[in-house]
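S.K.: build the 3D model from these lines:
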Amino acid sequence: MRSERARDEVLQATADLVAEVGLERTTIDEIAARSGVAKTTIYRHWPTKQALLMAAVQGCLEYTPTPNTGDLRADLIACFDHFIGASVGSRVGKMLTSLLDGAARDPELDRLLRAYMVDRSLPLRTVLQLAQYRGELPADLDLHLAAALFIGPISYRKTILREPITEEYVAAIVDAGLQALRAGALTSR
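M.R.: You can find the predicted model right below:
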């Protein structure tokens, strides 16, 4: 139990620091000081700062189950529920912005962030694949490109424009994307 509590303290301290001072200025020394956990213990659980940073981000995000109501539009909208109303200025928003910036200069962080993003897009790709199995979408649909069709505009609005994601915006993106997918615009070639 003590080890679990120390682990949680380190993750919370890491998340707070990244949100407050950014990735570059977050140090293991400061994490240890703020959490009250020895650096040796921190390194025992996370061999690199990058691994600790990714664990802290993942710990802050809500698990998003794969919706499967049989209604493609509703399931696609549900995939983005966690974006609606979430602020870029929130702790998680600040952390992700800092991680995206850091990944541009750090190959290990870039690799971890890419793996994380693939994992986070899995429910969306699964929803699209289930629609393929039901015959609602073309069988030769490029799932990665199709997922990007939905993720791109939402991520752009949130991260680049720093504008809120509303239910209406998600519905508009889903409707436009579905129109393109049903027209066969993203089939494998």
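
S.K.: break the chain into its domains for me.
M.R.: Using automatic domain parsing, the domain parsing of the chain gives 2-59, 61-182.

S.K.: how long is the longest one end to end?
M.R.: This means domain 61-182. End-to-end distance of domain 61-182: 32 Å, with C-alpha to C-alpha, to the nearest Å as the criterion.

S.K.: now the domains of the chain as CSV including mean neighbour count?
M.R.: C-beta: built from backbone N, CA, C; applies to glycine. Formatted as CSV, the entries for the domains of the chain read as follows, by neighbours: other C-beta atoms under 10 Å:
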stretch, mean neighbour count
domain 2-59, 17
domain 61-182, 16
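
S.K.: could you tell me the least trusted of those?
M.R.: Mean pLDDT is lowest for domain 61-182 out of the domains of the chain, coming in at a mean of 87.

S.K.: distance from the chain centre to that domain, please.
M.R.: Using C-alpha atoms, centre = their mean, to the nearest Å, the distance from the centre of domain 61-182 to the centre of the chain it belongs to is 8 Å.

S.K.: and if you look at stretch 20-27?
M.R.: Its chain's C-alpha centre lies 20 Å from the corresponding centre of stretch 20-27 when counted by C-alpha atoms, centre = their mean.

S.K.: now swap in stretch 34-43 and tell me
M.R.: Mean-position distance between stretch 34-43 and its chain equals 26 Å (C-alpha atoms, centre = their mean).
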